[in-house]
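K.L.:
no sequence for this one, just the structure:
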């Protein structure tokens, strides 16, 4: 009656963090598949607002340096955390690939901005489900530092960064226990 495969993929989707990744690279062919599936997301008025910047090799390291330096610049001495500073660099180094999740605002503003953000998020969900279905670890992070990414990327007019999608292979089994409250606590049935 129902397609079980997609149900299982959705239920088993989990964040797998860069610290859990191993040194085995994610193939370029798989990265292209992830991006192709992202491109199939719903989009009102076909604005297709999602934009992606793929960072591998030295580009990941440069991103780590930029983010850690920016963190240092914007953080007061009393709030500075050496742990956080080092984690920023380690996340970039530990990932096989980082995809910067960007949104290109429709310059004609034919749809509300929230719809373009939602559409981009749906593209990322397609990416996440593709990774989960194929046993690739991934994690979407949207730190405050994304506000400063125009110092790293050359954005088009109306384009901005919404976060980073870290990808990597991993060895450990991922805990599949759902931490969701039952859906019944979040739904009102009006005609029953």
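P.N.:
Received, thanks. Just so it is clear, the model here is predicted, and its values are computed rather than measured.
K.L.:
can you pull up the bridge partners for the nearest residue to residue 56 once chain neighbours are set aside?
P.N.:
Take residue 56 and drop its neighbours on the chain: the residue closest to it by C-beta to C-beta, 6 or more residues apart in numbering is residue 97, 5.2 Å away. C-beta coordinates here come from the backbone N, C-alpha and C atoms, glycine included. Per DSSP bridges, the residues bridged to residue 97 are residue 167.
K.L.:
measure stretch 91-106 end to end?
P.N.:
For stretch 91-106, the first-to-last residue distance is 32 Å (C-alpha to C-alpha, to the nearest Å).
K.L.:
Oh, that last question was meant for stretch 163-182, not what I typed.
P.N.:
29 Å.
K.L.:
Ok, stretch 166-175 next?
P.N.:
Stretch 166-175: ends 19 Å apart by C-alpha to C-alpha.
K.L.:
Quick one: mean pLDDT over it.
P.N.:
Model confidence over stretch 166-175, given as mean pLDDT, is 86.
K.L.:
Which positions within that stretch qualify as buried?
P.N.:
166, 167, 168, 169, 170 (16 or more other C-beta atoms under 10 Å).
K.L.:
what number of residues lie near the nearest residue to the third one once chain neighbours are set aside?
P.N.:
Taking C-beta to C-beta, 6+ apart, and ignoring the residues beside it in sequence, residue 168 has residue 21 as its nearest neighbour in space, at 2.8 Å. Using other C-beta atoms under 10 Å as the criterion, residue 21 is surrounded by 24 other residues.
K.L.:
what's the answer for residue 103, then?
P.N.:
Residue 103 - counted by other C-beta under 10 Å - has 21 other residues nearby.
K.L.:
Run through who's touching the strand or helix carrying it.
P.N.:
Under the criterion of DSSP states H and E, residue 103 resides in strand 97-104. Strand 97-104 is contacted from outside by 26, 31, 34-35, 49-56, 60, 63, 92, 116-117, 120, 124, 127, 140, 149, 153, 155-156, 158-168, using C-beta atoms under 8 Å, 6 or more residues apart in numbering.
K.L.:
List the buried residues in the lengthiest helix in the chain.
P.N.:
If you go by DSSP state H, the chain has its longest helix at helix 113-133. For helix 113-133, the buried set under the neighbour-count rule, 16+ other C-beta under 10 Å, comprises 115-116, 118-133.
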